[in-house]
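> Here is a sequence together with a model predicted from it:
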Amino acid sequence: MKFLKYGISTGACAAAAAKAAALALMGVKTDKVSIPTPIGLRLEVPVEGCRRIDDERAVAWVVKDPGDDVDVTRGLKIHATVRLTRDGEIVIKGGEGIGVVTKPGLPVPVGEAAINPVPRMMIKQALQEVLPPGIGAEVLIEAPGGDEVAKRTLNPKLGIIGGISILGTTGIVKPHSTSAYKRSLSVQVDVALANGHDRIVIVPGNVGARAARQLLKIPDEAIVQAGDFIGYMLRKAVEKGVKEILLVGHAGKLVKIAAGIFNTHHKVADARMEVIAAYAAAAGADNHLVKRILEANTTEEAIKLLQLHGILKQTFNMIADRARSRCIDLIDGRANVGIIIVSLEGEVLGVSGVDRWLSAHG
């Protein structure tokens, strides 16, 4: 079995570059830095270059290495220019090659650089490890060539113009879209079973995993990451003897299941708005609301529209019911299946078939 190499996110690159630039301002030139991550691990990140620009500013850059993941940002250089300030604040801005948000519904406000909240936190934490007490910094993140690379991403569709987004929720990029990666995913089921968990929770990513921990208080070894391969992991779990499966995840992934899309990668299929609009109509949405949902930029934007019209739960409970029936059909009814659909913040939007789970863990 071939094991795939993990990589680092653009957020980790930006944090490492910012820390190296701050060190350069203090007279320390380095070819690697250690940075903290949101998952408690530290990453040692190679720094391709750093230099002082003048007495107040320094720049450093890190080459994006996504490991064995298929990633259009591979090889892109993420630059951070740091200027020290005396107000103790850390201000982060985007420059060349970093996109600007132009539509609502994203975790970054309209008009700001597309540097997501977790990477911003990582940049601040990395800098706070080296800045003297009371000293702040202005940080300019850039990605030369990012405007061209961004044309091959979802950014234009999301209304992020002029460059890439600085992303990542863990600092680490897991390789995917290969048979070897799929095999490595299924090993999680073996671990869960070996630890006595014949009931498992399958999650597409970190949003689902976080929600499962908060809602059900279940141990991590019973939570199985599936990435985009939801159908593959459902089949593998059943093949290995799992009898009860709970699927927990963000609406952006799980509404696709309701349409029978079991590989949720955006390049495979995307029927999110069509699914939400159809079930919203069934919940009582008028033509105007259905049209606005179909025109929504993101799932979160559609969620807000449903909230405003008071049909959020009705809509997503029906979507959850349909997703559950699709899953049961896929595995020929060989396991009990429950569904919990959540927002980015972990709010429960819709559920189906979860009574046994909630009674056991509630």
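Yes, it's here.
> Go through stretch 138-151 and flag the buried ones.
138, 139, 140, 141, 142, 143, 146, 147, 149, 150 (16 or more other Cβ atoms under 10 Å). In this view, the C-beta of every residue, glycine as well, is placed from N, C-alpha and C.
> Heading C-terminal from the longest strand seen in the chain, find the next helix or strand.
When the chain is parsed with DSSP state E, its longest strand is strand 77-85. Per DSSP states H and E, strand 77-85 leads on to strand 90-94 as the next helix or strand towards the C-terminus.
> Look at the residue of the chain most remote from its centre and report its pLDDT.
Relative to the C-alpha centroid of the chain, counting by Cα atoms, centre = their mean, residue 55 is the outermost residue, at 38.0 Å. Note for residue 55: predicted pLDDT of 88.
> Please save the CA atoms from the longest strand of the chain in CSV.
Provided in CSV are the C-alpha atoms of strand 77-85 (Å, rounded to 0.1, in the frame of the first residue of the first chain):
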residue,chain,number,x,y,z
LYS,A,77,4.9,31.5,-3.6
ILE,A,78,3.1,33.0,-0.6
HIS,A,79,4.7,36.3,0.4
ALA,A,80,4.3,38.1,3.7
THR,A,81,5.6,41.7,4.2
VAL,A,82,5.7,42.7,7.8
ARG,A,83,6.0,46.2,9.3
LEU,A,84,6.3,46.5,13.0
THR,A,85,4.0,48.9,14.9
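> pLDDT averaged over it - what is it?
Computed over strand 77-85, the mean pLDDT rounds to 97.
> and the buried residues of stretch 138-151, which of them are in helices?
Members of the buried residues of stretch 138-151 lying in helices (criterion: DSSP state H): 146, 147, 149, 150.
> Relative to residue 8, how far out is the last one?
Residue 150 sits 19 Å away from residue 8 when distances are taken as Cβ to Cβ, to the nearest Å.
> Tell me the secondary structure at residue 292.
Residue 292 falls in the helix class when you classify it by DSSP: H, G, I helix; E, B strand; the rest coil.
> and it, what is it in contact with?
Contacts for residue 292 (Cβ atoms under 8 Å, 6 or more residues apart in numbering) come out as residue 305.
> and what of residue 273?
Residue 273 neighbours (Cβ under 8 Å, 6+ apart): 293, 294, 295, 296, 302.
> wouldn't the first one be in contact with residue 285 here?
This means residue 293. Yes - the pair residue 293 / residue 285 is scored as a contact, 7.3 Å apart, by Cβ atoms under 8 Å.
> who's more crowded, the two?
With neighbours defined as other Cβ atoms under 10 Å, residue 293 and residue 285 compare such that residue 293 has more, 26 against 23.
> Could you measure from residue 324 over to residue 304?
25 Å.
> do residue 45 as well
Here residue 45 is placed at a distance of 37 Å from residue 304 (Cβ to Cβ).
> tell me the SS of residue 21?
The three-state label given to residue 21 by three-state DSSP is helix.
> show me what contacts it?
Residue 21 makes contact with 50, 58, 59, 60, 80, 81, 82, 139, according to Cβ under 8 Å, 6+ apart.
> Excluding chain neighbours, give the residue nearest to residue 214 in space.
residue 346 (6.1 Å; Cβ to Cβ, 6 or more residues apart in numbering).
> for that neighbour, what are its contacts?
Residue 346 neighbours (Cβ under 8 Å, 6+ apart): 207, 210, 211, 214, 215.
> Redo the residues you listed as a markdown table? Include neighbour count, distance to residue 281 and pLDDT.
Below are these laid out as a markdown table (neighbours: other Cβ atoms under 10 Å; distance: Cβ to Cβ, whole Å; pLDDT from 0 to 100):
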| residue | neighbour count | distance to residue 281 | pLDDT |
| --- | --- | --- | --- |
| 207 | 21 | 26 | 90 |
| 210 | 17 | 31 | 90 |
| 211 | 23 | 27 | 93 |
| 214 | 10 | 32 | 90 |
| 215 | 21 | 29 | 90 |
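> can I get those in TSV with secondary structure and distance to residue 280?
What follows is the contacts of residue 346, written out as TSV (DSSP: H, G, I helix; E, B strand; the rest coil; distance: Cβ to Cβ, whole Å):
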residue	secondary structure	distance to residue 280
207	helix	22
210	helix	26
211	helix	22
214	helix	27
215	helix	24
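> Would you mind putting those into TSV with distance to residue 41 alongside?
TSV is the format used below for the contacts of residue 346 (distance: Cβ to Cβ, whole Å):
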residue	distance to residue 41
207	19
210	17
211	22
214	21
215	25
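> of those, closest to residue 274?
residue 207 (21.7 Å; Cβ to Cβ).
> need the contact list for the nearest residue to the closest one once chain neighbours are set aside.
In space, not counting the residues next to it along the chain, residue 207 is nearest to residue 250; the distance is 4.3 Å by Cβ to Cβ, 6+ apart. Going by Cβ under 8 Å, 6+ apart, residue 250 touches 204, 205, 207, 208, 299, 341, 342, 343, 344.
> Quick check: chain neighbours aside, which residue is closest to the fourth one?
Excluding the flanking residues, the one nearest residue 208 by Cβ to Cβ, 6+ apart is residue 249, at 3.7 Å.
> Was I right to think the one you found contacts residue 210?
No - using Cβ under 8 Å, residue 249 is not in contact with residue 210; the gap is 10.5 Å.
> so what's residue 60 bridging to?
Residue 60 has these beta-bridge partners by DSSP bridges: residue 50, residue 80.
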